[in-house]
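quick one, what's the 3D model for this:
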Amino acid sequence: MSKQRHEIEEKYQWDLTTIFPTDDAWEAELADLQAETEKTKEFAGHLLDSAKSLLEISETQLGLMRRIEKLYVYASMKNDQDTREGKYQEFQAKAMGLYAAFSQAFAFYEPEFMAITEEQLEAFKAEEPALVQYSHQFEKLLAAKDHVLSQEVEEVLAATSEIFESPAETFSVLDNASLRFPEIADEDGHLVPLSHGNYIHFMESKNRDVRQEAYEAMYGTYEQFQHTYAKTLQSNVKVNNLKARLRKYDSARHASLAANFIPESVYDTLVAAVNKHLPLLHRYINLRKKLLGIEDLKMYDMYTPLSDFSTKISYEDALKKCQETLEIFGEDYSAIVKEAFENRWIDVHVNEGKRSGAYSGGAYDTNAFMLLNWQDNLDNMYTLIHETGHSLHSMLTRQTQPYVYGHYSLFLAEIASTTNENLLTEKLLAEVEDDKERFAILNHYLDGFRGTVFRQTQFAEFEQAIYKADQEGQVLTADFLNELYGQTNEKYYGLSAEENPEIQFEWARIPHFYYNFYVYQYATGFAAASALANKIVNGSPEDKENYLNYLKAGSSDYSLNVIAKAGVDMTKEDYLNDAFKVFEARLEELEALVEKGVHL
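Predicted coordinates:
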C-alpha cells in the first residue's frame, strides 16, 4: 500500500510555498483578481480608440492572464499531490471559474483587433513604441483574419461549440465509463477483469496464451461496438471538415496546422519518409520474431519485452546520471538542473491519492515543477530526464522572453524533452560494458522509436485518409474503417491483415483521432530530437549554442523558424533521414549482439 503524503520525507516533496506562502495568500489573490477582472468590462468597444488604449488593454489582458496562470498552477498542483483533498478541488474549480470570467470579459479583443488596418497599426506603434514588442503577436492574430467570420456567424459557432464537442465526449464516455471487458486468465490461471489500465501489462506477459487472450478479449469487445464507434468518429470528422469549410480553409488538416503556422508539407513529408523507411521496421519485427522464437509472429507479440535484464536504479543515482548527461549543455543549463534537483522542484514518490503519471508544469512566475511517481528502474530514469527537458525549456524561455512570448507550442515541446532522452541513451551506450545491459538500452531506444515515429505516423496517415474520404463523400462505416485500418497496419508491420483480423478494430480505441491532426507532432518531435541529439554529441560548439537558442526562443517566432535555428528544417526530409540513420545504426548493433548470442 502507498504511503500517506505526510509520511513522505519533505526533501522528496515539491515546495509550493514558493508560489504562494499560504492558502490564505492564494485566496486573497483570487479575490483581488475577481475584482480586477470585473473592472475590465468597460474595455469592450474601446480597443482601437487610440494607440494608448490598445497598449493599456493589451497589457491589462496579459497582466491578468499571467496572475491567473500562477493562481491556477498552485490549485492544480495542490490537487494533484493528493486528489482526495476536497479543499484543493474547490480551489481548482474557483481558478477555472475565474479564467472563464476573464475569457468572457476579453471576448471582444480579437474581433475588435481584426478591424485594424496595417497603416493604423504602424501609426500606433510609432506613437506608442511599447507596442513594438507585441508585433509578432499582432501578426499572428491578423494572419487568421481571412478565416474570421461575421459577428453573427461567430456567435452561432460559439453557441454550438458544446454540440460540436459531443462526438469526442460521447467517445470518452463510451470508452472510459460504459465499456466492459471480459475476464481473462492471468499467468497464474486466476480470472482477472480486463481493463484499459491492465491491458498493456498482459500484452507484456511472457506467456503467449495470456497475451493472445487479452488481445482477443480487448478487440472482441470493440468489434461488438464497432458501428457505434464508427458513428462517433464519422461525426467528429464531419464536424471538423464543416468548421474548416465555413472558415474558408481547404481542409480540416489545413485549419488545424494553420493554427500553429505549420505548412501541410511538414505532415506529408513525415508520412512519405516513414513509408520509405518501413523496411527498417520490418527488420526490427523480424528480429523480434527470431528472439521470441515465434515463426508466426502476431500483433499480440509486439509488446512482450525482448530482454529480461532489469537495472535497479535508485532516485539518487538517476539524479546523478541525468546531471552528468546534461553537463554537455554547459554551466548555465547545468546550474538550473542543479537547482531543480536540489531545491524541491520535484514531487518524487507515490503517495495515496496522488495523480498518476508524470509531468512538468508551472507558470511564468514559478519554478518549472515536476511530478513523478518514482520506481527504481530504467524507464523512470528516462522519465526524469524527459520532464527535466520540459522544465529547462520552460525556464530558459521565461528567463529570456517577455510574458507574451513566454510559452511554446506542443510542436516544439516534445523536441526538448525527447532530445534529453536521446542524450541519455548516447551516454549510457558510451559507458556500458555489460552486453546484456547494452541490449536493454538499445532495445529501449528502438521500441521508443517504433512506438513514436512509426506508430504515430501510422495514425497520422490513417487520420488524413478518413478526412479525405469524408470530403469526397465516402460514408465512414465500420466496414470502410476496418478495411482501411487493416491495410494500413499490414503495410506498416508487414504482418498479414488476414492472419491478424482483430487489429482492424484498433482505430476504435485510439482517442487521438478526436484531437484533430494532433498526433503527427509526436513523430516529428521524436525524429527531430534524434537528429539534434546526434548533432549535440558529435557536432560543433555552435550546434549546442543553436540548440540552446531554440530553448530560449519561446513563441517569439513561428515554431518552424525557431527549430530551424537549432539546425532542423522540418519542411525537408533530411532530419527524418538523419533520425532513421540513428535507428538503423542501433538496430545493426542489436542484431550484432544477437549474433553473439546476447538476448533474453
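
hmm, which helix or strand of this structure has the shakiest average pLDDT?
Sorted by mean pLDDT, DSSP states H and E, the helices and strands of the chain end with helix 151-159, the least confident at a mean of 80.

list of residues touching the helix or strand that that helix is followed by?
Per DSSP states H and E, the first helix or strand lying C-terminal to helix 151-159 is helix 161-164. Outside of helix 161-164, the residues within contact range by C-beta atoms under 8 Å, 6 or more residues apart in numbering are 239, 243. Heads up, the C-betas are built off the backbone N, CA and C, glycines and all.

okay, helix 161-164 in CSV with CA atoms only?
Taking Å, rounded to 0.1, in the frame of the first residue of the first chain, the C-alpha atoms of helix 161-164 are listed here in CSV:
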residue,chain,number,x,y,z
SER,A,161,-19.4,24.7,-29.6
GLU,A,162,-20.7,22.3,-27.0
ILE,A,163,-22.7,20.4,-29.7
PHE,A,164,-19.5,20.2,-31.8
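
look up how far Lys3 lies from the residue of the chain positioned farthest from its centre.
What lies farthest from the middle of the chain is Glu127; by C-alpha atoms, centre = their mean that is 41.3 Å. Using C-beta to C-beta, to the nearest Å, we find Glu127 at a distance of 61 Å from Lys3.

same check on Ala95?
When distance is defined by C-beta to C-beta, Ala95 is 28 Å away from Lys3.

chain neighbours aside, what residue packs nearest to Lys468?
Sequence neighbours aside, Ser251 is the residue nearest to Lys468 in space, at 7.7 Å (criterion: C-beta to C-beta, 6 or more residues apart in numbering).

now that neighbour, what are its backbone angles?
Dihedral pair for Ser251: phi -160, psi 170, per degrees, to the nearest 10.

residues in contact with it?
Ser251 is in contact with 241, 244, 467-468, 471, counting by C-beta under 8 Å, 6+ apart.

before we move on, what about Gln226?
Counted by C-beta under 8 Å, 6+ apart, Gln226 has contacts 478, 482, 505, 508.

check the secondary structure at the nearest residue to Asn207 once chain neighbours are set aside for me.
Excluding the flanking residues, the one nearest Asn207 by C-beta to C-beta, 6+ apart is Glu187, at 5.2 Å. What DSSP: H, G, I helix; E, B strand; the rest coil gives for Glu187 is coil.

and Glu187, how many neighbours?
12 (other C-beta atoms under 10 Å).

for it, give me its contacts.
205-207, 210.

for it, phi and psi?
In terms of degrees, to the nearest 10, the main-chain angles of Glu187 are phi -60, psi -30.

need the per-residue pLDDT for it.
Predicted confidence (pLDDT) at Glu187: the value is 94.

same question, Val210
pLDDT, read off for Val210, is 97.

skipping adjacent residues, who's closest to Thr488 in space?
Here the nearest residue to Thr488 in space, its sequence neighbours aside, is Phe462; by C-beta to C-beta, 6+ apart that works out to 5.2 Å.

before we move on, what about Lys70?
Closest residue to Lys70 apart from its sequence neighbours, by C-beta to C-beta, 6+ apart: Ala363 at 4.4 Å.

wait, a strand at the one you found?
No: according to three-state DSSP, Ala363 belongs to no strand; its state is coil.

count the neighbours of it for me.
By the measure other C-beta under 10 Å, the count of residues near Ala363 is 25.

okay but it is in contact with Ala75, surely?
No: counting by C-beta atoms under 8 Å, Ala363 sits too far from Ala75 to count as a contact (11.3 Å).

mind listing the strands for the chain?
183-185, 191-193, 346-347, 359-361, 369-371 (DSSP state E).

other SSEs contacting the second one?
Under the contact criterion of 3 or more C-beta pairs under 8 Å, 6 or more residues apart in numbering; DSSP states H and E, strand 191-193 touches strand 183-185.

can you give me the buried ones in the strand it packs on?
Of the residues in strand 183-185, Ile184 count as buried by neighbour count, 16 or more other C-beta atoms under 10 Å.

likewise stretch 84-98?
Going by neighbour count (16+ other C-beta under 10 Å), the buried part of stretch 84-98 is 88, 91-92, 94-95, 98.
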